[in-house]
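**Student:** Build me a model from this:
(chains A and B)
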Amino acid sequence: MPKGYLCLVLHAHLPYVRHPEYEYSLEEKWLYEAITETYLPLIKVFKKLIEDGVDYRITLSLSPTLVSMLSDEFLQQRYVRHLEKLMELADKEVYRTKDDPTFHRLAKMYQDRFSESYFYFKEQYNKNILQAFREFQEAGKLELITCAATHGYFPLIGQQRESLYAQVVTAVDLHTKTFGKAPKGFWLPECAYNPGDEEILRDLGIKYFFTDAHGLTHASPKPKYGVYTPILTPSEVSVFARDPESTKQVWSRTEGYPGDYYYRDFYRDIGYDLDFEYIKPYIHPDGIRIHTGFKYYRITGKTDHKEPYEPDRTREKAAEHAGNFMFNREKQVEWLSGLVDPPPIVVAPYDAELFGHWWYEGPRWLDYLMRKMAYDQDTIKNITPSEYLELNPRLQISTPSASSWGNKGYHEVWMNRTNDWTYPHLHKAAEKMIEMADRYPKANGVLKKALDQSARELLLAQSSDWQFIMNAGTMTSYAVNRFKDHISRFTKLYDDISANRIDSDWVDRLFAADNIFPCIDYRIFRSFENTALVEKTEMEQVHS
Amino acid sequence: MHELYRENLNAGYHLPLYYGEDRMVLMMRDPYWLFSYWEITGGTLNYYRQNFHPYGWDGSIPILRIYRFPIGLKPLNQPELTFDIELSHSTYSWHINAGMPHRTYYAEMGRKLPGGEFIPIIRSNSVTTPRDSESDIIDEEWRLFNLQQRIYRRMTLYHLSSAELQSKGIDPEQFSCNNSHLKII
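**Tutor:** The predicted structure follows:
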C-alpha cells in the first residue's frame, strides 16, 4: 500500500492559429514545433511505456483550440509539408557536417528523429495524432481532461456568466465527440479561478478542477490538509491544488532541472548561425532568421560560449533528475503521511510544451520517472484525480480563494496597461451576443449561419493568449491584430444581423478563415434566465 | 488579393472607439488592486452640464470615488471607507490601488464641483478582493491540530526540497504555531 500519491498533470494548449490566406505563417509554426518537439515525443514515450508493460498514470489536458488544430486537415497537410522541409534540411546537415564527427552525430540524431516523427504522424496515425491520446486513455494510462473552448480567462470574462457557460459547454462537447468520453476534469485556463465559477462546471458534468496552491491554502474554511488532499466546493466539484515544492523543482528558471548545463540550449539554432544562402530556404521567406529546430549546443553555463550537445550525457542527466524528483516525492510523502489522515496527494501540473519544446529532454525525464516509480519504490504511486476521488471520497467542504498560476498569483499578467484595453470590447461583444441569442431563439438558414459565426468570432476574441502575448512583449502585433480582427468581424456581424442585411458570401469567407467549432450553435449564449427551461426540454428530448 | 486576407474579412470594420452607452465596470486584479473602465455618453454629460452649470460644472474635476465594505454587507450599507482619485478629462480607465484584501468595493465616476461637492454620474458593479492569507474560519469537523498546522509551515518553505530539508537537519515539524485567533464554525 503506497503512503501517498503523485498526480502529474500536463496542460497542452496553443491558441487557434490557421492562415490559409498565406503561403507561410510564422505563427502557424508554433503548432508545428509543438507537434515535432512535444506532442510526438510524448506520444512515443506513452506508447513505449505501454509496450514495455509499465503501469503509469498521467492526466493530460488538451485545450479545444489545440484539439481543433490537430484535427484540421489543412493544418495536418501543412505540417506534413513542414516536416518534409525539416527532413530535407536534415539530409543537407548530415552532408554538411560529414567531416566533423561531433556535429555529424547530432545532425544524424535530428535526421532520425524527424523521419521517425514523419512515420508516426503520416503512417501510424494518418495525420491525426489525437487518436493516439484516445488509445492511451482507453488503455487506462492517460486521463484526458478539457479546458475552456478558446482558453478564455474566466475571472476577467466572467462579467457575463453566459460567456463562461459557452466556453465550457463548447469544450465539453468537442472533447466528448473527439475522445468518446465526457471529461471528468477541467483545466481552468491559467488556473484562474473566481468563487462561483465551479457552478458552471458542475452544471456541465465536471467533477474536478485545479487551482494554484494559494487557491486552497487561502480557501475558507481553512483546509485541514493544505494542498495535500482535494477539497469539495459547496457546489460539489472537487478542487486539487498545485504542490509548490514539486513545481519549483521543474519550473524554477534558476534551479529547475531544465536549466542544467548539459541540457540542450534552446536559443542557439542553425537558423541564426549558418550562412544565409545555405539556410535561406528554411527560414522566413522574407529572409528573417528564425529557429529551425536544429540546435547543436548545450546550455553550458551563463556564457555565450556554448559547448556541443552530448546526447549520451543528457540521458544520464535526465535519469538522475527523474531519480531526484522521485526521491523528493518519497521524502515528501513519508513526512506528509504522518500528518494527513487520508493518503496525501502531491499534484504536479506543468505546461505540456515545457516537455520537449523548451526542455528538450523533458519527455525522456518523464519516461524515466514513470519507469522508476513503477519499479524502484513502493512509497508513492501515480494516480489520476478521478482515481483519487474514488479512493478518498470524503472531502472537506470549503471554497477556494480567487487565484491564478500567473506571475504574482492573480490576474495582473492578463490585466495591465499593455492589455487592459481589451476588456471593454470583450464585455460589450458578449453582451451583444447574448442579446442576439435571446432575440433569435430559433434562427435558420443564413441568419443562423451568421449567428453561429458571431459566436465563433467572440470565442476567438476571448482567448487569453492575446492578453498574454501583449504582456510578454514579443509578437505583440500579431496578438493585437488577431484581437482587433475578431472584434471587428463580430461587430460587423452584429450590425448586419440587426439591420437585416447579411452578406452570405462574406460570412462563408469568414467561416473559411475562422473555422473553429464547425458544429457550434449560437444559442449557447442565451441569457441564463431565458434558457433554463427550453434547454432542459431539449436535453430531455435528446436523451430520450 | 486573396479572398481571405484580413482586409477582406474585416470588410472596413475596425475596433469600435466607443459604444455609445453609459457604463462603468469594476474588475478585481489581485487582493490589493482593482481596475475600472467606463464610458459616459455626450448626452449624459450634457444633461449634467445643463443641471449643474450654475454651480461651476465647466470647472469641475473628474473624480473616481471608491467605496469599501466589509465582506458580507450589502453594497448599499454604510461603507467602511471612501476615497477619491482625481483624473483628467481624457481618462476612461484606471488601475486602482484599493489596498485591502478581502473587501467588497464599488466605484462611482463623477465630478467634483468647484465648491467641493461630488456629483456621481455613473456607478459600477461591485467586486470582492480575495484574502491574502489563510482563512481564520475553521470547520469544527476538520479542525487543524497543531500537527496539521505544520503542513502550512512546510508549504512556506517550498524553496527547500524535502530531501534538502532533511539533509540540513531542518525538521519541518519544529515549527510552532499560534491558532488562538481562529474562529470555529
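**Student:** need the helices for chain B, in chain order.
**Tutor:** Secondary structure of chain B by DSSP state H: the helices cover B:6-10, B:42-52, B:146-156, B:162-167.
**Student:** Pick out the shakiest of those helices, pLDDT-wise.
**Tutor:** Looking at the helices of chain B, the lowest mean pLDDT belongs to helix B:162-167 (a mean of 67).
**Student:** I'd like the helices of chain B laid out as CSV, including mean neighbour count and distance to chain A.
**Tutor:** C-beta: built from backbone N, CA, C; applies to glycine. Below are the helices of chain B laid out as CSV (neighbours: other CB atoms under 10 Å in any protein chain shown; distance: least, CB to the nearest CB, whole Å):
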stretch, mean neighbour count, distance to chain A
helix B:6-10, 16, 5
helix B:42-52, 12, 17
helix B:146-156, 18, 4
helix B:162-167, 16, 4
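**Student:** give me the low-pLDDT residue ranges for chain B?
**Tutor:** By pLDDT under 70, the weakly predicted segments of chain B are B:1, B:73-76, B:158-159, B:163-185.
**Student:** Can you say which of the helices of chain B is nearest to A:Tyr257?
**Tutor:** helix B:162-167 (14.1 Å; CB to CB).
**Student:** Make a markdown table from the helices of chain B and add distance to A:Lys141 to it.
**Tutor:** As requested, the helices of chain B are exported to a markdown table (distance: least, CB to CB, whole Å):
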| stretch | distance to A:Lys141 |
| --- | --- |
| helix B:6-10 | 42 |
| helix B:42-52 | 61 |
| helix B:146-156 | 30 |
| helix B:162-167 | 27 |
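**Student:** The top strand by length along chain A pairs with which strands, and in what direction?
**Tutor:** When chain A is parsed with DSSP state E, its longest strand is strand A:4-12. According to DSSP bridges, strand A:4-12 forms sheet pairs with strand A:58-62 (parallel), strand A:345-351 (parallel), strand A:380-382 (parallel).
**Student:** roughly how far out does that strand sit from the chain middle?
**Tutor:** Between the centre of strand A:4-12 and the centre of its chain there are 14 Å (CA atoms, centre = their mean, to the nearest Å).
**Student:** one step back: nearest to A:Phe136, of the helices of chain B?
**Tutor:** Smallest distance to A:Phe136 across these (CB to CB): 30.0 Å, for helix B:162-167.
**Student:** Which residue ranges make up each domain of chain B?
**Tutor:** Using automatic domain parsing, the domain parsing of chain B gives B:6-128, B:137-184.
**Student:** Mind listing the residues bridging to the residue most central in space within chain B?
**Tutor:** Nearest to the geometric centre of chain B sits B:Leu34, at 2.8 Å (CA atoms, centre = their mean). Going by DSSP bridges, B:Leu34 is paired in beta bridges with B:Met28, B:Ile96.
**Student:** With A:Thr146 instead?
**Tutor:** For A:Thr146, the beta-bridge partners are A:Phe186 (DSSP bridges).
**Student:** How many neighbouring residues does it have?
**Tutor:** By the measure other CB atoms under 10 Å in any protein chain shown, the count of residues near A:Thr146 is 28.
**Student:** Show me the shaky parts of chain A.
**Tutor:** In chain A (pLDDT under 70), the answer is A:253, A:530-544.
**Student:** Show me the domain layout of it.
**Tutor:** A:4-71+A:128-259+A:314-408, A:72-125+A:265-308, A:416-543.
**Student:** For chain A, just list every one of the strands.
**Tutor:** In chain A, the strands defined using DSSP E lie at A:4-12, A:58-62, A:142-147, A:185-187, A:208-211, A:231-232, A:238-241, A:345-351, A:380-382, A:396-397.
**Student:** Chain B too?
**Tutor:** Secondary structure of chain B (DSSP E): strands located at B:23-28, B:33-39, B:61-70, B:81-86, B:93-97, B:103-112, B:118-128, B:137-138, B:183-184.
**Student:** Please consider this matter closed, and thank you.
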